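Engineer: take a look and give me a structure for this.
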Amino acid sequence: MARYKSVQRIEKVNDGAIVGASGEFSDFQYIKDLLEDLTDEEFDMDDGCEMSPSQIHSYLSRVMYNRRSKVNPLYNQLVIGGYDDKKKTGYLGAVDMYGSTFKENIVATGYGMYMALPLLRKGHSPDMEEKDARALLEKCMTVLFYRDCRTINKYNIAKVTASGVEISKPYSLPTKWDFKRFVNPHLKE
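Structural biologist: Numbering: from 1, shown residues only. This next block holds a predicted model:
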């Protein structure tokens, strides 16, 4: 993804839900179009109802499973996050390219499932302050940046609360490339 420097992989679905994706960007654009059609249809109904994050999660799992069954999968892993006004609770779930789905307090996609998920599990607590959660995410993203040669140091962070969706502008984290092992990997200490 280092080729495209301002590609955003987090999309607001409605005032209570977002979708983030890893994988093929053109497939994510297709998914965004499906979700836009869905929200347009909701708006046209004019009944005041809005899909909850769990309903969006279920819908996307059916879309992914349907495409997989037709042997034409969408090469994405999706994270659905949101706030359910009726249940007064947060929601976080994931869907993979096969339509497999799960709901959890901590999720990651792509390379983050291997490198960041252990860090998130170790550092997460249910009563974290926002600044602590942001610091943990930034630590994970820095580790991922150092480990993936095909990426850039530019991130978005999204937050969904009862008051709505916030997606940050892309920003960069500081990096340090003059570690002894980076400069000379064969160094004996």
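Engineer: shouldn't residue 115 be in contact with residue 145?
Structural biologist: No: applying Cβ atoms under 8 Å as the test, residue 115 and residue 145 come out as separate, 10.2 Å apart. (Glycine included, C-beta is placed from N, CA and C.)
Engineer: for residue 143, give me its contacts.
Structural biologist: 115, 116, 119 (Cβ atoms under 8 Å, 6 or more residues apart in numbering).
Engineer: ranking those by neighbours, who comes first?
Structural biologist: In terms of neighbours by other Cβ atoms under 10 Å, those top out with residue 116 at 22 neighbours.
Engineer: just give the nearest non-adjacent residue to that residue, would you?
Structural biologist: Using Cβ to Cβ, 6 or more residues apart in numbering and skipping residues adjacent in sequence, the residue nearest residue 116 is residue 140, 3.9 Å away.
Engineer: and that neighbour, that one's in a helix?
Structural biologist: Yes: counting by DSSP: H, G, I helix; E, B strand; the rest coil, residue 140 is found in a helix.
Engineer: show the pLDDT at it.
Structural biologist: Looking at residue 140, its pLDDT reads 94.
Engineer: per-residue confidence for residue 177?
Structural biologist: Residue 177 carries a pLDDT score of 79 in this model.
Engineer: for residue 68, same thing?
Structural biologist: For residue 68, the predicted pLDDT is 97.
Engineer: which residues touch it?
Structural biologist: By Cβ under 8 Å, 6+ apart, the residues touching residue 68 are 97, 98, 99.
Engineer: please repeat the previous calculation with a cut-off of 6 Å.
Structural biologist: By Cβ atoms under 6 Å, 6 or more residues apart in numbering, residue 68 lies in contact with 98, 99.
Engineer: quick check: phi and psi at it.
Structural biologist: Here is the backbone geometry of residue 68 (degrees, to the nearest 10): phi -60, psi -40.
Engineer: so where's this protein uncertain?
Structural biologist: 1-3, 189 (pLDDT under 70).
Engineer: and the residue nearest the centre of it?
Structural biologist: In the chain, the C-alpha nearest the mean C-alpha coordinate belongs to residue 20, at 3.4 Å (Cα atoms, centre = their mean).
Engineer: in the protein, which spans are strands?
Structural biologist: 10-14, 17-23, 76-84, 89-95, 101-103, 158-161, 164-167 (DSSP state E).
Engineer: possible to save the ones you listed as TSV with distance to residue 46?
Structural biologist: Shown next, in TSV, are these (distance: least, Cβ to Cβ, whole Å):
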stretch	distance to residue 46
strand 10-14	15
strand 17-23	19
strand 76-84	22
strand 89-95	25
strand 101-103	30
strand 158-161	24
strand 164-167	21
